[in-house]
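Engineer: Build me a model:
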Amino acid sequence: MGDCVVAVGEQTIGGVTLFAKNSDRRAGECQSFVQFSEANHPPQARQQCTHISIPQVAETYRVMGHSPCWVWGFEHGVNEHAVAIGCQRIFSREAIEPEPGLIGMDLVRLGLERGRSAREALEIIAGLIEVHGQGGPSFAPDAAGDHNAFALADSSEAWLLETSNRRWAARRCALEGVSNHYAIDSDWAFGSRDLSDFAREEGFWKPSGRLDVAAAYGNARCSSLTSEGRQRRSRQLLAEASGRHDVGTLQRLLRDHLDAGTTCPGDSTPDEPRHYTLCAHSEPLHWTASSIVAPLPNKRRDPWPIWISFGTPCTGIFLPVYLSGVIPAVLACRETEPHSDSAWWTFQRLQDAASRDPRRNTPLLREGWADFEAQLERARLIAEEAARGAGALGDRDRAARDVTEFMDWAVAAALDRAEWLRNHIE
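Structural biologist: Numbering: from 1, shown residues only. Now for the predicted structure:
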């Protein structure tokens, strides 16, 4: 589950591509943030994914992303080539293949490890789907499999890729909100070889004109009211700031409760269209577990921050992390039960405390984070300037240490503040 937004080129301040996503999962499912270095692999090497093993490639790239504790892949993430990818499950009228295959989160990580651009990553994911299929649990270890949609972006363009088992379609996008239903109609740029023929053979599409992917493959029996409402909300917020988007506007969008972070959850009912906002608080199956906001400049502009959040972003904080450094181990802790050494569980405890009285506590938390966010921003700019100076002198090790030391301080200070705030509102 979840919502993803992209803004490219003229839609943003400075023309920097922006990618953002909320990962909506089961309440209480730990979602760590993990990092893997670039690597070379021997011939005949294989990669064990969540459910199946596939052939490994000769070279994989440096990546990082949010990963549910029992999954090999990523809900969303970035790589060293400034490519960002996120996935959403969607519902096709085509039955899920019974045999295990790759899940959407596996494909996100594989696309990042193997793709140097959004287009290349798209082609890699599409090829893997055609060969290995999609199957096996992805939303919970004992759940059914899913079909998936992917948003992919790099410094120059963004793509939407939608799938149904081994079939797929893709189109470019410039300002887009993506949710848990098919959104590509007859405007697809290219697709799998049998995309149209299969739909006609199965009776999914009878008109003689160009295939409408959503009309043909979308499962009308699976209500898309909730995801369509969230997509309308994301597109509304994107349109309101069109041409002026930056990291801040997308952070506010992901914190959305009708007023981009200031109105608390619970102010409406499912019967009201305004109920469907982007920061999810609906137990037990639709709860925001992590978030990302990724500006995607040219990779030569190191260091470049990726902003991540644990739990519901309205109660927490976005922390800057860097592929050029080493992230703190506490971010990657994959405990399945509450654990003091896990960043995710620290923010989960804060979220639980806020949920006891969200109308009172959510505004208190936003006020309580404000001075820390200002302090964090000042420290970030100093650390990045030092790292760029070291890089200009050719000292890449010093540059990596500068951002690593900053991340160590920032995460430790944020966790201390989260604990203080929890005690303050309880």
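Engineer: Name the residues of stretch 92-104 that are buried.
Structural biologist: For stretch 92-104, burial by neighbour count (16 or more other Cβ atoms under 10 Å) applies to Ser92, Arg93, Glu94, Ile96, Pro100, Gly101, Leu102, Ile103, Gly104. Backbone N, C-alpha and C define where each C-beta goes, glycine included.
Engineer: confidence score at the first one?
Structural biologist: If I follow you right, that is Ser92. Here the pLDDT value assigned to Ser92 is 94.
Engineer: For the chain, which segments count as helices?
Structural biologist: Listed in chain order, the helices found in the chain under DSSP state H are 104-114, 118-132, 195-201, 213-217, 225-240, 247-254, 343-355, 358-392, 396-425.
Engineer: which one of those lies closest to Pro328?
Structural biologist: Closest of the helices of the chain to Pro328 is helix 396-425, at 4.6 Å (criterion: Cβ to Cβ).
Engineer: Next, the buried residues of that closest one.
Structural biologist: In helix 396-425, counting by 16+ other Cβ under 10 Å, buried: 399-404, 406-408, 410-411, 414-415, 417-418, 421-422, 425.
Engineer: same thing with stretch 180-190?
Structural biologist: Using 16+ other Cβ under 10 Å as the test for burial, stretch 180-190 gives Asn180, His181, Tyr182, Ala183, Ile184, Asp185, Trp188.
Engineer: Quick one: the buried residues of stretch 92-104 as TSV, columns for distance to Arg380 too.
Structural biologist: Converted to TSV, these look like this (distance: Cβ to Cβ, whole Å):
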residue	distance to Arg380
Ser92	43
Arg93	47
Glu94	46
Ile96	44
Pro100	42
Gly101	41
Leu102	36
Ile103	34
Gly104	32
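Engineer: Among the residues you listed, which one lies nearest to Pro137?
Structural biologist: Ile103 (7.6 Å).
Engineer: Verify the contact between the closest one and Ala143 for me.
Structural biologist: No. At 10.5 Å, Ile103 does not count as touching Ala143 under the criterion of Cβ atoms under 8 Å.
Engineer: Quick check: neighbours shared by those two?
Structural biologist: Residues touching both Ile103 and Ala143 by Cβ atoms under 8 Å, 6 or more residues apart in numbering: Pro137.
Engineer: what does the domain assignment say about this protein?
Structural biologist: Following the assignment in automatic domain parsing, the chain carries domains at 2-336, 358-425.
Engineer: Pull the distance from the first one to the chain's centre.
Structural biologist: The reference is to domain 2-336. Its chain's C-alpha centre and that of domain 2-336 lie 5 Å apart, by Cα atoms, centre = their mean, to the nearest Å.
Engineer: Out of the helices of the chain, which gets nearest to Cys69?
Structural biologist: That would be helix 343-355 among the helices of the chain, by Cβ to Cβ, at 8.6 Å.
Engineer: tell me what that closest one is packed against?
Structural biologist: strand 31-36, strand 306-310, helix 358-392, helix 396-425 (3 or more Cβ pairs under 8 Å, 6 or more residues apart in numbering; DSSP states H and E).
Engineer: between these, which one is nearest to Ala216?
Structural biologist: Per Cβ to Cβ, nearest to Ala216 of these: strand 31-36, 33.3 Å.
Engineer: Other residues contacting that closest one?
Structural biologist: 23, 25, 60, 62-69, 75, 113, 289-290, 308, 310, 321, 323, 326-327, 331-334, 342-344.
Engineer: Show me which positions of it end up buried.
Structural biologist: Going by 16+ other Cβ under 10 Å, strand 31-36 has these buried residues: Gln31, Ser32, Phe33, Val34, Gln35, Phe36.
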